[in-house]
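In: structural data only, the sequence is not supplied:
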């Protein structure tokens, strides 16, 4: 179970918007926040993550013009260190309220999102991370292949029904996720340091939010989904091509390797050298020839599946020491918490 948390942080919602070159996206995102129907105290914490297009200045000016329409307050900061996780942590540190709502600079929250999220978290103190679902809104025409691969863009429903998904999915999209500041403070106080940093400028990395969900599970928290939490995800044309999709999937392959350490610590089944050899043998026996064929002669999906296969095999064979290091990092902070 989670340890009791301090009541020093005032009740309310801090909306954390991290942006990298989001100048064209931010006005619509901020407009949807202005339209929130809320009774709870609320603020926006905008963090510019090394943008070069004047995102922060645009957002500041937009808010000065429109703040009279909402009780929500606004602050903005700069995080020069590339990496969305670093920007988020700065936002978490600056936030003054009990709940942290991660809103990407291309997320359009429904007008009840903030209040509903607050009510759910108040009703269920066991929740560590809460998430919803979204539809895609397209700058240009929707690609024919998009619905088949929408999950890689964090689009769609994250569960069949609302409620506890700790033992099923086990994690949430970062977009729209709601956390408790006290949990973040507790993790820091016990030495937690994220291994995955999410995106760094135009470079695609992923999994920082998934990592945080597993860290929360190690604290004894629940991961929760509620279909009342709905938003739209604005999809720019530059991201809607198979080359970009392939980059997303490759980044996720590495993040899954890192998350494996968290899963094994959580289930108390850290991979021994013997188990690693067994897994390598099974992969080679059941998939080597098939995946060589797919890589050489397959269609797009088959080639991507073979890439995932060979990367998984590579990590098992050559990155076992890295896996053990990740396990050790995780065990160090969780041992100080226990």
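Out: Cool, the structure landed. Being a predicted model, the structure only gives us computed values, none of them experimental. Residues are numbered from 1 along each chain as shown.

In: same for the helix or strand hosting residue 65, what does it pack against?
Out: For residue 65, the element it lies in under DSSP states H and E is helix 55-66. Here helix 55-66 touches strand 13-19, helix 26-34, strand 42-48, strand 73-78, going by 3 or more C-beta pairs under 8 Å, 6 or more residues apart in numbering; DSSP states H and E. Every C-beta, even on glycine, is put in place using the N, C-alpha and C of the backbone.

In: the ones you listed: which one's closest to residue 220?
Out: Proximity to residue 220 (C-beta to C-beta) singles out strand 13-19 among those, at 23.3 Å.

In: what ranges do the helices span in the stretch 101-250 of the chain?
Out: According to DSSP state H, counting those that start in this stretch, the stretch 101-250 of the chain carries its helices in the segments 113-123, 146-149, 181-189, 208-218, 242-266.

In: quick check: angle from the helix holding residue 65 to helix 26-34?
Out: With axes from the mean of the first three to the mean of the last three C-alpha atoms, to 10 degrees as the basis, helix 55-66 and helix 26-34 are set at 40 degrees to each other.

In: okay, now residue 268: neighbour count?
Out: 6 (other C-beta atoms under 10 Å).

In: so what's the closest residue to residue 223 other than its chain neighbours up against?
Out: Using C-beta to C-beta, 6 or more residues apart in numbering and skipping residues adjacent in sequence, the residue nearest residue 223 is residue 166, 4.6 Å away. Residues in contact with residue 166 (C-beta atoms under 8 Å, 6 or more residues apart in numbering) are 217, 222-224.

In: rewinding a little: out of the helices of the stretch 101-250 of the chain, which gets nearest to residue 301?
Out: Of the helices of the stretch 101-250 of the chain, nearest to residue 301 by C-beta to C-beta is helix 146-149, at 8.5 Å.

In: so what touches that closest one?
Out: Contacts of helix 146-149 (C-beta under 8 Å, 6+ apart): 136, 153, 240, 245.

In: mind checking how far residue 318 is from residue 293?
Out: Distance, residue 318 to residue 293, by C-beta to C-beta, to the nearest Å: 23 Å.

In: and these two? Which one has more around it.
Out: Comparing residue 318 with residue 293 by other C-beta under 10 Å, the one with more neighbours is residue 293, at 12 against 9.

In: now do the one helix or strand the more buried one maps to: distance to the chain's middle.
Out: Taking DSSP H and E as the definition, one finds residue 293 inside helix 273-297. Here helix 273-297 is found 30 Å from its chain centre; the criterion is C-alpha atoms, centre = their mean, to the nearest Å.

In: in that helix, what's buried?
Out: 283, 287, 291, 294-295 (16 or more other C-beta atoms under 10 Å).

In: so which of those is the closest to residue 314?
Out: Of those, the one sitting nearest to residue 314 (C-beta to C-beta) turns out to be residue 283, at 10.4 Å.

In: the closest one - nearest residue in space that isn't next to it in sequence?
Out: residue 313 (5.2 Å).

In: my guess is that neighbour meets residue 280, correct?
Out: Yes - with contacts counted by C-beta atoms under 8 Å, residue 313 reaches residue 280, the gap being 6.9 Å.

In: what pLDDT is listed against residue 304?
Out: At residue 304, the pLDDT value in this model is 96.

In: ok, back up a step: which member of the buried residues of helix 273-297 is positioned nearest residue 267?
Out: For these, with residue 267 as the reference and C-beta to C-beta as the criterion, the closest is residue 283, at 20.2 Å.

In: contact partners for that closest one?
Out: Taking C-beta under 8 Å, 6+ apart, one finds 309, 312-313, 316 in contact with residue 283.

In: how about those residues, which pair is most distant?
Out: 309 and 316 (11.0 Å).

In: are we agreed that residue 329 is in a strand?
Out: No - read with DSSP: H, G, I helix; E, B strand; the rest coil, residue 329 is helix and lies in no strand.

In: and the helix holding residue 65, what's buried?
Out: Applying 16+ other C-beta under 10 Å to helix 55-66 flags 55-56, 58-60, 62-63 as buried.

In: now do that helix: distance to the chain's middle.
Out: 26 Å.

In: so, low pLDDT: which residues of the stretch 151-300 of the chain?
Out: 197-206 (pLDDT under 70).

In: mind doing that once more with 90?
Out: Within the stretch 151-300 of the chain, the ranges that satisfy pLDDT under 90 run 193-208.

In: between the two ends of stretch 103-114, how far is it?
Out: For stretch 103-114, the separation between the terminal residues is 11 Å (C-alpha to C-alpha, to the nearest Å).
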